[in-house]
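[1] got a structure for you, letters missing:
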């Protein structure tokens, strides 16, 4: 049983870590920190976490493993000294996702507080980085949108079956925006409404571009990626619809595409290629990514839909999957939970 | 490890039993039946249950314990021969909840198919019937509304602190109506709307009256109970607000009422008296009943709010709690799960 | 055509006034004020109001009639000088609803800024105060909850058919909480959840008690009223369920109660006694109050359900209904709109 | 005042026609038909339509203008004799949208019942077909998805600023599926979930292809269109996100694209090019289409978002807009209504 700490437990990702780790048979949350709620019992901040008899503190106590759920900027600052001391850690913020400190600064408008750690940080989309995650002492947990987009596109991009032109249209529930207040998340404004946002560029774009680029093998053309997120009136879930022209429209039938995807993910504990288009609700509360690839034969286009729970496979569950590997547990430990349906 | 069967797994209560039992360390679902889906893999009917590698059959295979999630009438018919053969069983239908076969017939408009079993069937609201449940071979799982209402009122009724006049105003999510189709549950009709229903009398009323009557000790006056259910636009959850005049308005302060409730429930694993009015979301997906009792001092009235997840503490979770006792497991086995929040 | 001004157009009640008055054939909004948005075009604050070519100003221009949608305290202060100058006005805040300045101070924790106007202010629930509204120069628009509760109970209370003991259980959509931010109204926290609030006493209670008291004729006993509001996950609508024991349980059948209600409301343009229990959605966006009275014969109890749109009959529509009378228009002018369904 | 009939008033489009026409100053619904509800008062079927004192009949009485809201196949059959008799008519079904009877049969799997009327039927997206609508006696009202997609793309396609490769990703509320029952629209299954559907081809695709093709002027390449619809948990509204590579990525800035769109729609009463990305809620209950065009400069791509209420601009409002022109009324008569917000 390892002792686990959660830095900034007071947001949704932090709380979801606490919930999931409560069911983990080999890890126990022994320390949680959070600036705004320091001194309060955790169960006062989040009544659903009442079985965790913990007090929110200013700083983590001594632990064997830590997660940081701090906002970007603050996270790198808090995390760097811990990593240097040798504490294995998954950072859920964006701070260690981009290898290029300049690119980070361009999108997040913050000077990176610990650029010297960027080289060793591993981008923790486990399905694509398993060996590196196993060896890492610092894992950058991917953003929620990139998880859905990258898993939907990886087989096609890696195999080079598409033209270098990709459109990612994502629909997210409101918890993705976090627990801070804003008119856009006010119930009366958000309910019965769909909206596109960040139309001039969302911060998850450079991360998607970086990782798709690493998969893309055709030197002659770099990928052009359009990523457009939307808010839909639900709490959890991201459905991502990806579009790309097939490099050779004739050759790739739906059946062949499905074979490619099924082969790519055949040993994955948390990815399933589904027989029917999935709904986000089929992943409510669990760590699955459901993927449905098909071909629009009229337009010679690959269309892939993926579903995740943004707080689980898109944040806390993905982070625990990384922890399991880093610590040497079986990858699915504590995460083998059916979705809550309906 | 015991082998468990679920009769009629294709409704929401049956599917929720399968989900919860998947996480149970000492019970394993080995057989599921369901008329409409017989022959299909369970994961085809409910994609979220894909880790359960089971085929829906016409009849249960040999098991050590069974749950019936059949509709009333059909359930008693299917269950009676199994009980006679000695199979311990929890019936989730209404068939064995009312001791009086005539009362059953009045409300359900069906001649009881197995009235000879009524005397031995135990009304399975564990918190009020623990010793009997432990000895039972046939437990009638309570209705979802009665769970919320009885737990909210039991301490007050048993202690006789109220006048014999009780109002129960319940607000339920849509999954309470089951998976069958109806215009009232069509998304476009049900969303953005609240409605009162069954205003001439709901079938859960006689069950509430029977059980409150058993708790009520004042011979001089029988309880008059009004129970009014409402549908609200959400999937899971029942919030029940109960009102009753205090027998002696002066004597019962909020603090004294809270003491009574905290004492009554102090050893219960699944009931908590909360410091603030609870929201149904604090029980989303788990087996808790949260209770907040207070006093309207102006009107000399007890007001108690309770929250449950209608599919867990109001159905499948409650049923497993009963199974645990009947089989000799620790009562909370497999049910110690935090709610999924937000 | 009269010129109408709206003080504090930037909240939901103000915006709804602007929407409804746009469709009024004899009144035209010519001036709107709002502190936070002063200087901005109204359509920038509320895109759905783009056809109103108005700029939000600090102070109202010269108008023939005004509505104040300011918060309590601020409203009386702004409104008093206008009323003294002779401008006819409906105040949507709570400032002039309670006749007793001390009671006002007890509940709102503010010294009343213009107590000398309380005597002449008319409580503007038109159905109960029509002659007085017609003569008034200052009308206090009722709270949203009181509209639903008073219309549901008025016939029974006035006729004295119930015992002096009333329970009002109200379920409101989120827009009732206004446009200001709060964790309780954050989409991710409020969706899929029901909660009771203000359990120690809601500010609409004294208003309900005052007005029911004026209808109540039995000197021998004063009314004891319990009012419990709840938030449900929808944007608009209040469903109010009222309970009271019948003074003579035997005598009052459902049919007789319906006769009483139908007689009481037979000439009302905005109240309908419905054949079936109504849903709030049947009043979405319009000025109706739908009422369904019935009798729980087992408990000898009157049960009445009413539905309104909290922003229309519970605020802006009710205010325009009052304006119509004060100005001499036909009462229903501009308000004869079917609900938006589904 | 013209007398208007609605064939099949019992679906959502029919009911919305009745609601909107009630507010029309120059048209009055005098006759409504509907097979399942024949003989019933309209207000019994739709309580929100109580002010319309009409009985649902089997056949329309004599009227000056008719709308058909029948399903495809049935509509052409019912409508053909009326058109031949000279009754001006808007058909809301798909029956007269496709000029090519073979294409119709391919997608709808029905032999067209009145192919001889296809040549004269006008595709009634008023903004693109105003002169023809004015002269038509039979107008085929466009599908809800095509309205949002065509208005979003028309300026770009007509002006030829894009490559012949278009992706349309649409997100629709549940009322688009109509009032018939299905597990996909059951509240408990549909809430808190997003799903892509009709991934092998949706029936609105040929209509979009036909009309975009008519706008497209570049002979050298025909358009390749991918259209992917999604269901989101809300009642009304469609948000459509369109993607296409700019023919000359460098030349088309966001500002120039906005100029093009603003010029194209500058005299349109029901289309607005918005300053910020719109939300569907800004069109709730009214006939507007809100459009926000922008450029993803990184990928050289046009991205356009449009919002409509699927039951108004996507069905009943669009139909009345057509009627207004056909009959010689001012185009916006009776449709000048602000959206209901929040």
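    Perfect, I can see it now. All figures in this text were calculated on a predicted structure; none of them were measured in a lab. Numbers count the residues shown, from 1 in each chain, chains lettered A, B, ... in the order given.

[2] only C-alpha atoms from now on, for both contacts and neighbour counts.
    Will do.

[3] what sits closest to the closest residue to chain C within chain A if chain neighbours are left out?
    Closest contact between chain A and chain C, by Cα to the nearest Cα, is at residue A:187 (4.4 Å). With Cα to Cα, 6 or more residues apart in numbering or on different chains as the criterion, residue A:187 has its nearest non-adjacent residue at 4.4 Å, and that residue is residue C:187.

[4] can you list the strands that the host helix or strand of residue A:169 pairs with?
    Using DSSP states H and E, residue A:169 maps to strand A:162-172. Strand A:162-172 sits in its sheet next to strand A:224-231 (parallel), strand A:238-246 (antiparallel), going by DSSP bridges.

[5] next one: the longest one to chain centre, how far?
    Taking Cα atoms, centre = their mean, to the nearest Å, one finds strand A:238-246 lying 17 Å from the centre of the chain it belongs to.

[6] how about the closest residue to residue A:64 other than its chain neighbours, what does it touch?
    Nearest residue to residue A:64 in three dimensions, chain neighbours excluded: residue A:3, at 5.2 Å (Cα to Cα, 6+ apart). Residue A:3 makes contact with A:27-30, A:63-65, according to Cα atoms under 8 Å, 6 or more residues apart in numbering or on different chains.

[7] same thing but 10 Å
    A:26-31, A:61-66 (Cα atoms under 10 Å, 6 or more residues apart in numbering or on different chains).

[8] ok, the residues you listed vs chain D, which is closest?
    residue A:29 (29.5 Å).

[9] tell me the secondary structure at the closest one.
    Recorded secondary structure, residue A:29: strand (DSSP: H, G, I helix; E, B strand; the rest coil).

[10] I'd say it and residue A:15 touch.
    No: counting by Cα atoms under 10 Å, residue A:29 does not reach residue A:15; the two are 11.4 Å apart.

[11] so for the strand holding residue A:169, mean pLDDT?
    On average, the pLDDT along strand A:162-172 is 97.

[12] give me the buried positions along that strand.
    Across strand A:162-172, burial judged by 16 or more other Cα atoms under 10 Å in any protein chain shown covers A:162-172.

[13] from those residues, which is closest to residue B:146?
    residue A:172 (36.6 Å; Cα to Cα).

[14] TSV please, covering the contacts of residue A:3 and showing neighbour count and pLDDT.
    Formatted as TSV, the contacts of residue A:3 follow (neighbours: other Cα atoms under 10 Å in any protein chain shown; pLDDT from 0 to 100):
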residue	neighbour count	pLDDT
A:26	14	98
A:27	21	98
A:28	18	98
A:29	22	98
A:30	19	98
A:31	21	98
A:61	14	96
A:62	13	97
A:63	17	98
A:64	17	98
A:65	21	98
A:66	26	98
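
[15] taking those residues together, which two end up most distant?
    Top of the distance list for the contacts of residue A:3 (Cα to Cα): A:26 and A:61, 18.8 Å.

[16] so the residue nearest to residue A:187 sits right up against residue A:193, yeah?
    No: taking contacts as Cα under 10 Å, residue C:187 lies outside contact range of residue A:193: 11.9 Å.

[17] quick check: neighbours shared by these two?
    residue A:233.

[18] burial measure for the residue of chain A closest to chain C, as a count.
    Look at residue A:187: counted by other Cα atoms under 10 Å in any protein chain shown, it has 29 neighbours.

[19] before we move on, what about residue A:201?
    17.

[20] secondary structure element for it?
    Here residue A:201 is assigned to no helix or strand, by DSSP H and E.

[21] who touches it in this structure?
    Residue A:201 is in contact with A:107, A:226-229, D:296-298, counting by Cα under 10 Å, 6+ apart.

[22] ramachandran angles for it?
    phi 130, psi 120 (degrees, to the nearest 10).

[23] tell me which parts of the stretch 1-150 of chain A are close to chain B?
    A:12, A:15-16, A:18-20, A:22-23, A:44, A:46-52 (Cα under 10 Å from any Cα of the partner chain).

[24] quick check: the residue of the stretch 101-250 of chain A nearest chain B.
    For the stretch 101-250 of chain A, the residue closest to chain B is residue A:235, as judged by Cα to the nearest Cα, at 7.0 Å.

[25] my guess is the residue of chain A closest to chain C contacts residue C:190. True?
    Yes: between residue A:187 and residue C:190 there is a contact at 7.0 Å, judged by Cα under 10 Å.

[26] which residues are common contacts for those two?
    C:174, C:184, C:233-234.

[27] so, low pLDDT: which residues of the stretch 151-300 of chain A?
    For the stretch 151-300 of chain A, residues meeting the criterion pLDDT under 70 lie at A:249-250.

[28] nearest to chain B: which residue in it?
    residue A:282 (5.2 Å).

[29] that residue: neighbour count?
    With other Cα under 10 Å as criterion, residue A:282 counts 27.

[30] before we move on, back to that, buried deepest among the strands paired with strand A:162-172, which one?
    strand A:238-246 (a mean of 27; mean count of other Cα atoms under 10 Å in any protein chain shown).

[31] centre of the chain to the helix or strand that it is followed by, how far?
    Using DSSP H and E, the helix or strand that follows strand A:238-246 towards the C-terminus is helix A:254-264. Relative to the chain's own centre, helix A:254-264 is displaced by 24 Å; criterion: Cα atoms, centre = their mean.

[32] which strands and helices lie in contact with the next helix or strand after helix A:254-264?
    Taking DSSP H and E as the definition, the helix or strand that follows helix A:254-264 towards the C-terminus is strand A:271-273. With contacts taken as 3 or more Cα pairs under 10 Å, 6 or more residues apart in numbering or on different chains; DSSP states H and E, strand A:271-273 sits against helix A:144-159, helix A:254-264, strand A:289-296, strand A:301-308.

[33] does the residue of the stretch 151-300 of chain A closest to chain B touch residue A:342 like I think?
    Yes: if you go by Cα under 10 Å, residue A:282 and residue A:342 touch, sitting 8.4 Å apart.

[34] who touches both of those two?
    B:46, B:48, D:189, D:193.

[35] helices - which of the residues you listed land there?
    In helices, defined here by DSSP state H, the members of those are residue D:189.

[36] output the shared contacts of residue A:282 and residue A:342 in a markdown table; the columns should cover distance to residue D:40.
    What follows is the shared contacts of residue A:282 and residue A:342, written out as a markdown table (distance: Cα to Cα, whole Å):
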| residue | distance to residue D:40 |
| --- | --- |
| B:46 | 40 |
| B:48 | 43 |
| D:189 | 32 |
| D:193 | 36 |
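
[37] list just the nearest of the shared contacts of residue A:282 and residue A:342 to residue A:337.
    Looking across these and measuring by Cα to Cα, the closest to residue A:337 is residue B:48, at 9.5 Å.

[38] check contacts around that closest one.
    A:281-284, A:286, A:288, A:337-342, B:15, B:19, B:42.

[39] look up how far chain D lies from it.
    Look at residue B:48 and chain D: by Cα to the nearest Cα, to the nearest Å, they are 12 Å apart.
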